[in-house]
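Engineer: what follows is a predicted protein model with its sequence.
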Amino acid sequence: MKNKLTFACFLALFGWCACKETPYQHGKIMYTNFCENCHMADGSGLKGIIPPLAKADFLQKNKEAVPCIIRAGMKGEITVGGQTYHTEMVGIPKLTEFEITNIINYIHTSWGNNLPPVKHPDVRTWLKRCEKNTKPF
Amino acid sequence: MRYLAYIFLIIGIAQGCQSFDNRTLPILGNREAVNGDTVYHTIPDFAFLNQDSQLVTNETFAGKAYVADFFFIACPTICPKTTKQMLRIHDHFKNEGRLLLLAHTVAPKYDTVAALKKYAYNLGVESNKWHFVTGDQAAIYAIADDYFSIAMEDPEAPGGYDHSGRLLLVDKNRHIRSFCDGTDPKDVDRFIVDIETLLNEK
């Protein structure tokens, strides 16, 4: 009994240490692989060309469109932080709902962003909605 | 005796500082001996069009140093990162008239003068400081070689083009004096110091 308790404590400690850096390690790895080239490691984007994700009002205002943008990409003008952007974003159709959820939650909690986490069932619903609509945004 | 050691120490430090001040960058690339003279690797003649449809040649950079790189607008891989670092260099040397920037597109089919104009406008940079050039694809790919870079069309590559992300520092004598990995901000820190060293050369 005592041994099990000790083991559970160690496990909890290990889990806490592993997650200390960011609670969304998987999202971070996925972000590095699929998003970082354009949106940058610090979420700052590229001036006038690629919108930032750090402290971006767009994320809060368009919560339900974001999963679709990640999966299907987007075209046309958008405004982020008062600046307009026209660069087409290429979607990543191979990402699963879980992966998209983890990426969003990493973005929501990084670089000064403090947005509530999104839940997998909601992401699934939003993705279903945009599958019907060819233009996600 | 001890005083003598101190004197030598001071002389040594002074000497060290002096040689640091007079640090010069090496001339990179192959060199040949022609009639007893050393001929260094030199950027050959070129002629491309910039975002204002102006002809850009070696003469554009006469008496100046410049930083060159290769990119394309629709690049889904390393270009945004290298352009971000080019922008850092641009902002750092904004008021330094002796340094210009030269970005070559490796996709001239798509990156027309108009497209480059829009790109430069969105970045908020001036044409007389940062030239975005397009031109004959074969000529661009050939000169990439002279800049120790790779540029090629490749349907297998993301976005359809393959190229390296190096930033290269060329002096007023058309010699390459330093380069860095344009995707690595730390390497670019070192490169900026190299640019300052070159500009301070007498």
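Structural biologist: Received, thanks. Given the structure is predicted, the values throughout are model-derived calculations rather than measurements. Residues are numbered from 1 along each chain as shown, chains lettered A, B, ... in the order given.

Engineer: what's the burial count for the closest residue to chain A within chain B?
Structural biologist: Nearest to chain A, among the residues of chain B, is B:Asn122, at 3.5 Å (Cβ to the nearest Cβ). C-beta coordinates here come from the backbone N, C-alpha and C atoms, glycine included. Look at B:Asn122: counted by other Cβ atoms under 10 Å in any protein chain shown, it has 18 neighbours.

Engineer: am I right that it sits in a strand?
Structural biologist: No: read with DSSP: H, G, I helix; E, B strand; the rest coil, B:Asn122 is helix and lies in no strand.

Engineer: how about it: what's its closest non-neighbour residue?
Structural biologist: Using Cβ to Cβ, 6 or more residues apart in numbering or on different chains and skipping the chain neighbours, the partner closest in space to B:Asn122 is A:Gly48 (3.5 Å).

Engineer: ramachandran angles for A:Met89?
Structural biologist: phi -100, psi 130 (degrees, to the nearest 10).

Engineer: distance of it from chain B?
Structural biologist: Distance, A:Met89 to chain B, using Cβ to the nearest Cβ, to the nearest Å: 9 Å.

Engineer: and A:Leu95, how many neighbours?
Structural biologist: 17.

Engineer: Three-state assignment for it, please.
Structural biologist: Three-state call for A:Leu95 (three-state DSSP): coil.

Engineer: would you mind measuring from it to B:Glu156?
Structural biologist: Per Cβ to Cβ, to the nearest Å, A:Leu95 is found 22 Å from B:Glu156.

Engineer: A:Ala54 reaches A:Thr109, doesn't it?
Structural biologist: No: the criterion here is Cβ atoms under 8 Å, and A:Ala54 misses it with A:Thr109 at 11.5 Å.

Engineer: what are the ranges of the strands in chain A?
Structural biologist: Using DSSP state E, the strands assigned to chain A run over residues A:73-74, A:78-80, A:83-85, A:89-90.

Engineer: how about chain B?
Structural biologist: B:31-34, B:37-40, B:47-49, B:55-57, B:65-71, B:99-105, B:130-133, B:151-153, B:161-163, B:166-170, B:176-181.

Engineer: and those: which comes nearest A:Cys38?
Structural biologist: Among those, strand B:65-71 comes nearest to A:Cys38, with 12.9 Å by Cβ to Cβ.

Engineer: anything in the closest one sitting right up against chain A?
Structural biologist: No: contact of strand B:65-71 with chain A (Cβ under 8 Å from any Cβ of the partner chain) is absent, the minimum separation being 11.3 Å.

Engineer: so what's the residue count around the closest residue to B:Ala62 other than its chain neighbours?
Structural biologist: Among residues not flanking B:Ala62 along the chain, B:Lys172 sits closest, at 7.3 Å (Cβ to Cβ, 6+ apart). Counted with other Cβ under 10 Å, the neighbours of B:Lys172 add up to 14.

Engineer: does B:Lys172 touch B:Lys64 like I think?
Structural biologist: Yes: counting by Cβ under 8 Å, B:Lys172 touches B:Lys64, with 5.9 Å between them.

Engineer: could you pull out the helices for chain A?
Structural biologist: Counting by DSSP state H, the segments of chain A that form helices are A:2-19, A:25-34, A:36-39, A:57-61, A:66-72, A:97-108, A:120-132.

Engineer: and the residue most central in space within chain A, how far from B:Glu126?
Structural biologist: By Cα atoms, centre = their mean, chain A has its centre lying nearest to A:Ile104, at 1.9 Å. Here A:Ile104 is placed at a distance of 38 Å from B:Glu126 (Cβ to Cβ).

Engineer: and the residue in chain A positioned nearest to chain B, its phi and psi?
Structural biologist: As assessed by Cβ to the nearest Cβ, chain B sits closest to A:Gly48 within chain A, at 3.5 Å. Note on A:Gly48: its backbone torsions stand at phi 70, psi -10 [degrees, to the nearest 10].

Engineer: output the below-cut-off pLDDT ranges for the chain.
Structural biologist: Picked chain A for this. Scanning chain A for pLDDT under 70 picks out A:1, A:9, A:13-21, A:132-137.

Engineer: um, chain B though
Structural biologist: Low-confidence segments of chain B (pLDDT under 70): B:1-22.

Engineer: which residue is nearest the middle of it?
Structural biologist: Geometric centre of chain B, nearest residue: B:Val67, 2.4 Å, by Cα atoms, centre = their mean.

Engineer: for the residue nearest to it when sequence neighbours are not counted, list each beta-bridge partner.
Structural biologist: Sequence neighbours aside, B:Leu101 is the residue nearest to B:Val67 in space, at 5.1 Å (criterion: Cβ to Cβ, 6+ apart). Note on B:Leu101: beta-bridge partners by DSSP bridges are B:Val67, B:Trp130.
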